[in-house]
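> structure, please.
(2 chains)
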Amino acid sequence: MKNPLDQYSVNGGAKPIDIEFMLNGRKTTINVVPNRRVVDVLREDLGLTGAKEGCGTGECGVCTILVDGSARLGCLMLAIQLADRDITTIEGLSQEGNLHPLQEAFIQYGAVQCGFCSPGMILTASSLLKQKPNPTRTAIREGLSGNLCRCTGYQKIVDAVEAAARKMAGREET
Amino acid sequence: MKSVHLPRNMEDLWLIMEQETNARVYCGGTDLLVQMRSCEVDPPVLICLERIADIQGIREEPDSLWIGAGTTHTNLLSHPLSRRCLPVLAKALGTLGSPLIRNMGTIGGNICSASPAADTLPPLYVLDAEVELRSRDTIRVMPLCEFITGPGETRLERGEILTGIRVKNGEGYNLHHFEKIGQRRALACAIASLAAMLHVSSSGVVKAARLAWGSVGPMVVTSTKVEGAIIGENLSRKTLEKAADLAQRAVSPIDDVRASADYRRIVSGNLLLRLLDARPQI
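I've put the predicted structure just below:
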């Protein structure tokens, strides 16, 4: 029987291993030390700096990524947890050069000020709209309650998500 | 440098645990990885349980429900069985952390962290939860209230993991209530919380009552004395005010960064008054 210690496991921890996963629609293999945080691997090894580190403790949401469609925190995941997952970062949200309706709405409604929270905010909103295509403003606020913004006061962000939801449902042009 | 393992099934887990006797297990990572970042803990070996399907999900058993310890709060919250049979737990899960934390954190992790402020513990206490602990060769089952022995302390033994939680379903009670007092609505540790299940008759008399407070003692606080002050009485403001006085004496809160002990004591009593608003419509 194959020793599970050989599969996505490593003794000593400092030894890099190959980890395979889908990243923004592309099959990706990285060779990294498996105990590094996902946010560090994305930023430092893969050059994807959309996910950021804010608090590092899961309270601000700026490191949000989509893991099999579910919004999760890159600062509280280790590289080994990427194995066989389908990962989407903000860099992979646009399709064929066209911005996602949420990205367009964030621009149109002025929901971006300093921009630090925007990648996490947009990714969390995109997973919210998958589950609830027609959310109330309260549901949007609750859905984004793990993503902090220190500029906008949230009003414009909620407006943008509402507008994107309308556009995605084909109810109205934003 | 830590080694980290990602077993895909129970057999692999036991093999790894046999070889890595100093390993610390985690699932969502929302507590352990935060503690590691602040250097509170430094386990030499980590085992992530997130891929083990055997410890995930919720299923009906003859007169109880089994919840896999590795079930995320989001999956538990969105499951029709928890909404229907465990509304007191569902209400607490809705206040836990944030959507992002709920997508990662698990009910088993919330139990094993054994924080006095854990949001799932007061509901699980009123639901008479039992924990199922497995090692490679053993299975132990014990009441949750015996499993947790202090802040951050449990009776989990080396080589064992928490695999599941068994709860009686909340049928038979017609008032299911949970309220958390925190500094803000999302991402707030409880300053005080109350889980309550009552059976109130059509004439308004309390036939059965289960109460549990969080964050106002080293562990969840329960009190048969407070419950006794409500049972057999009309669910009125007067009854609840009397019970609130007793509750203030039943809890043993401390001063900390979030609130003073005095505030917590008063709030613990006052939380009972909300049961008036939660009265079932008959």
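> buried set for stretch B:261-276?
Of all the residues in stretch B:261-276, those buried under the rule 16 or more other C-beta atoms under 10 Å in any protein chain shown are B:264-272, B:275. C-betas here are computed from N, CA, C, even on glycine.
> repeat for stretch B:227-245
In stretch B:227-245, counting by 16+ other C-beta under 10 Å, buried: B:227, B:229-231, B:233, B:235, B:239-240, B:242-244.
> and if you look at stretch B:14-23?
Residues B:14-17, B:20, B:23 are the ones in stretch B:14-23 that count as buried (16+ other C-beta under 10 Å).
> circling back: any chance of the buried residues of stretch B:227-245 in a markdown table, plus pLDDT, secondary structure and distance to B:G152?
Shown next, in a markdown table, are the buried residues of stretch B:227-245 (pLDDT from 0 to 100; DSSP: H, G, I helix; E, B strand; the rest coil; distance: C-beta to C-beta, whole Å):
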| residue | pLDDT | secondary structure | distance to B:G152 |
| --- | --- | --- | --- |
| B:E227 | 98 | helix | 27 |
| B:A229 | 98 | helix | 32 |
| B:I230 | 98 | helix | 32 |
| B:I231 | 98 | coil | 33 |
| B:E233 | 98 | coil | 37 |
| B:L235 | 96 | coil | 36 |
| B:T239 | 97 | helix | 36 |
| B:L240 | 98 | helix | 33 |
| B:K242 | 98 | helix | 35 |
| B:A243 | 98 | helix | 30 |
| B:A244 | 98 | helix | 29 |
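> sorry, back to before: can you tell me which of the buried residues of stretch B:14-23 are in helices?
Among those, DSSP state H puts B:14-17 in helices.
> among those residues, which are in reach of chain A?
Among those, the residues lying close to chain A (C-beta under 8 Å from any C-beta of the partner chain) are B:15-16.
> can I get the CA coordinates of stretch B:261-277 in CSV?
Coordinates of each C-alpha in stretch B:261-277 appear next as CSV, following Å, rounded to 0.1, in the frame of the first residue of the first chain:
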residue,chain,number,x,y,z
ALA,B,261,-17.5,41.2,34.4
ASP,B,262,-20.3,43.4,35.8
TYR,B,263,-21.6,44.2,32.3
ARG,B,264,-21.6,40.6,31.4
ARG,B,265,-23.4,39.6,34.5
ILE,B,266,-26.2,42.1,33.9
VAL,B,267,-26.5,41.2,30.2
SER,B,268,-26.7,37.5,31.0
GLY,B,269,-29.8,38.2,33.0
ASN,B,270,-31.3,40.7,30.5
LEU,B,271,-30.8,38.3,27.6
LEU,B,272,-33.6,36.2,29.2
LEU,B,273,-36.1,39.1,28.7
ARG,B,274,-35.8,38.7,25.0
LEU,B,275,-37.6,35.3,25.3
LEU,B,276,-40.8,37.4,25.6
ASP,B,277,-40.3,38.6,22.0
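> gap between the closest residue to chain B within chain A and B:L33?
Closest residue of chain A to chain B, C-beta to the nearest C-beta: A:G146 (2.6 Å). The gap separating A:G146 from B:L33 is 16 Å, by C-beta to C-beta, to the nearest Å.
> got the domain ranges for chain A?
What automatic domain parsing lists as the domains of chain A is A:4-90, A:101-168.
> coming back round to it: hmm, the residue of chain A closest to chain B is touching B:S98, no?
Yes - with contact defined as C-beta atoms under 8 Å, A:G146 counts as touching B:S98 (2.6 Å).
> overlap of the contact sets of the two?
Here A:G146 and B:S98 have A:59, A:61, B:186-187 as joint contacts, going by C-beta atoms under 8 Å, 6 or more residues apart in numbering or on different chains.
> can you list which of these are found in strands?
Among the shared contacts of A:G146 and B:S98, no member falls in strands (DSSP state E).
> most neighbours, which of the residues you listed?
A:G61 (29 neighbours; other C-beta atoms under 10 Å in any protein chain shown).
> and whatever residue of the stretch 51-200 of chain B ends up closest to chain A, what does it touch?
The minimum distance from the stretch 51-200 of chain B to chain A, using C-beta to the nearest C-beta, falls at B:S98 (2.6 Å). Residues in contact with B:S98, defined by C-beta under 8 Å, 6+ apart, are A:59, A:61, A:145-147, B:186-187.
> shaky segments in chain A?
A:1-14, A:172-174 (pLDDT under 70).
> which residues of it fall in helices?
A:38-40, A:101-108, A:118-131, A:137-143, A:155-168.
> ranking those helices by burial, who's on top?
helix A:118-131 (a mean of 23; mean count of other C-beta atoms under 10 Å in any protein chain shown).
> dead centre of chain A: give me the residue that sits there.
A:I65 (2.1 Å; C-alpha atoms, centre = their mean).
> just checking, it touches A:V41?
No - taking contacts as C-beta under 8 Å, A:I65 lies outside contact range of A:V41: 10.8 Å.
> thinking again about what came up before, quick check: the gap between the residue of the stretch 51-200 of chain B closest to chain A and B:M104.
10 Å.
> same check, this time on B:T120
15 Å.
> which residues of the chain fall in strands?
Because you didn't say which chain, this covers chain A. Ranges of strands in chain A, per DSSP E, are A:17-23, A:26-32, A:64-67, A:70-73, A:86-88.
> my question was about chain B
Under DSSP E, chain B gives strands at B:3-5, B:23-26, B:45-48, B:58-61, B:64-68, B:130-134, B:139-143, B:148-150, B:153-154, B:161-167, B:175-181, B:192-200, B:206-214.
> for burial, what's the neighbour tally of B:P151?
So B:P151, with other C-beta under 10 Å, has 13 neighbours.
> mind giving me the domain ranges of chain B?
B:51-167, B:176-276.
> measure the last one end to end?
With C-alpha to C-alpha, to the nearest Å as the measure, the first residue of domain B:176-276 is 12 Å from its last.
> now stretch A:29-43
This stretch, stretch A:29-43, spans 15 Å end to end (C-alpha to C-alpha).
> what comes up buried for that stretch?
Here stretch A:29-43 shows A:30, A:32-43 as buried, counting by 16+ other C-beta under 10 Å.
> coming back round to it: quick one: which of A:G146 and B:L33 has more around it?
Between A:G146 and B:L33, A:G146 has the larger neighbour count (other C-beta under 10 Å), namely 24 against 21.
> show me the contacts for the more buried one.
A:59, A:61, A:124, B:97-101, B:186-187.
> my guess is A:T88 contacts A:I65, does it?
Yes - counting by C-beta under 8 Å, A:T88 touches A:I65, with 6.7 Å between them.
> overlap of the contact sets of those two?
Common neighbours of A:T88 and A:I65 (C-beta under 8 Å, 6+ apart) are A:L123.
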